[in-house]
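Student: Structure for the following, please:
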Amino acid sequence: MLITDSTFIGIDPTSGHKSFTYAVLDKDLNLLALADGEMEDVTAFLAGQGSATVAVNAPAGVNRGLVRQKLKKTMLTPHQIRGAEFRVAEYELRQRGISVSGTPASVAISPAWMQLGFELYRKLEEFGFKKYPAEKMPYQMLETHPHACFCVMAGGVPLSKPSLEGKLQRQFILYERGIRIKDPMEFFEEITRYKMIKGLWPIELLYLPEQLDALVAAFVAWLAVNKPEHICFIGDQKEGMIVLPEKELKEKY
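Tutor: The predicted model follows:
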């Protein structure tokens, strides 16, 4: 798909049946594409963009031991320090009550989805994408985290992602931010007693968890360019900064 105007793309490398799920928004928050694909599908799509900002739901760098160095100066036991295998961004999120996975110290021992993310960042660099913020550059990339995004947008930890309630909650959050996706209220309008008895839930009106994760990443990319005053960075440049869709973070979620 060749798109000449600026696009804002969220890529999620944790989808089960395909390597990636990606969502594409235009400058007016219209949903241009929402698809699954392998690495070659995603890179082929990106090659057709005239100008793009990409937000990836994966670590941009490995754990460089910055948290461990910091904790060594505290009163924690050696065992507690050994258990702190997190990048600065991940540690700070966990301190705020946002549960996120830690990133290992090397690519080789990282989970498969993280390795896909590292490979994607390399591909983006080869295509000429620069780390956000790169002023006046047509291709920019940044790291975000979908669970953390939904936490800060909801003002608290959202309901379980795979659950019906969790999917509805996330879709409402995105819809209320102005993203032109399916109105989640239509789900309730389609429910009748007969359909409930027959088990005919209108689930086609809801997005899958990985699609919602890709959509929130695309929204972060859009905010980063169009409303940079509404985002914040968390972490350390040496390991990778996570961009979140709120100007200020709460102490606890």
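Student: Helices of the stretch 1-150 of the chain, residue ranges please.
Tutor: Per DSSP state H, counting those that start in this stretch, the stretch 1-150 of the chain carries helices over the ranges 39-47, 66-71, 78-82, 88-95, 112-126, 146-154.
Student: So what's the gap between the first one and the chain middle?
Tutor: Relative to its parent chain, helix 39-47 has a centroid offset of 18 Å by Cα atoms, centre = their mean, to the nearest Å.
Student: Just the angle for that helix relative to helix 112-126, thanks.
Tutor: For helix 39-47 against helix 112-126, the angle by axes from the mean of the first three to the mean of the last three Cα atoms, to 10 degrees is 40 degrees.
Student: Just the residues contacting helix 39-47, thanks.
Tutor: Outside of helix 39-47, the residues within contact range by Cβ atoms under 8 Å, 6 or more residues apart in numbering are 1, 9, 11, 19-20, 22, 33, 35, 37, 52, 54, 116, 119-120, 123-124, 127. Glycine gets a C-beta too; all of them are placed from N, C-alpha and C.
Student: Now the buried members of the residues you listed.
Tutor: Buried by 16 or more other Cβ atoms under 10 Å: 9, 11, 19-20, 22, 35, 37, 52, 54, 116, 120, 124, out of the contacts of helix 39-47.
Student: The residues you listed into TSV, with extra columns for distance to Ile231?
Tutor: Formatted as TSV, these follow (distance: Cβ to Cβ, whole Å):
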residue	distance to Ile231
Ile9	16
Ile11	18
Ser19	27
Phe20	23
Tyr22	20
Ala35	25
Gly37	27
Ala52	17
Val54	15
Leu116	25
Leu120	21
Leu124	19
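Student: thinking again about what came up before, now for the helices of the stretch 1-150 of the chain, which one comes closest to Gly235?
Tutor: Comparing the helices of the stretch 1-150 of the chain by their distance to Gly235 (Cβ to Cβ), the top pick is helix 88-95, with 2.9 Å.
Student: For the closest residue to Phe127 other than its chain neighbours, give its distance to Val54.
Tutor: Closest residue to Phe127 apart from its sequence neighbours, by Cβ to Cβ, 6 or more residues apart in numbering: Leu46 at 6.2 Å. Note on Leu46: its distance to Val54, by Cβ to Cβ, to the nearest Å, is 7 Å.
Student: Common neighbours of the two, please.
Tutor: Common contacts of Leu46 and Val54 (Cβ under 8 Å, 6+ apart): 9, 124.
Student: How about stretch 46-56, which residues are buried there?
Tutor: By neighbour count on 16+ other Cβ under 10 Å, the buried set for stretch 46-56 is 46, 49, 52-56.
Student: Now render these as CSV, adding distance to Tyr139 and pLDDT.
Tutor: Shown next, in CSV, are the buried residues of stretch 46-56 (distance: Cβ to Cβ, whole Å; pLDDT from 0 to 100):
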residue, distance to Tyr139, pLDDT
Leu46, 8, 90
Gln49, 8, 88
Ala52, 6, 95
Thr53, 8, 97
Val54, 8, 98
Ala55, 13, 98
Val56, 13, 98
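Student: now, among the residues you listed, which is nearest to Ala148?
Tutor: Nearest to Ala148 among the buried residues of stretch 46-56 is Ala55, at 12.2 Å by Cβ to Cβ.
Student: what stretches of the chain score poorly on pLDDT?
Tutor: Applying pLDDT under 70 to the chain flags the ranges 1-4, 15-17, 72-84.
Student: Walking through it, point out its strands one by one.
Tutor: Along the chain, the stretches classed as strands by DSSP state E are 3-12, 20-25, 31-37, 49-56, 130-131, 139-143, 232-236, 240-244.
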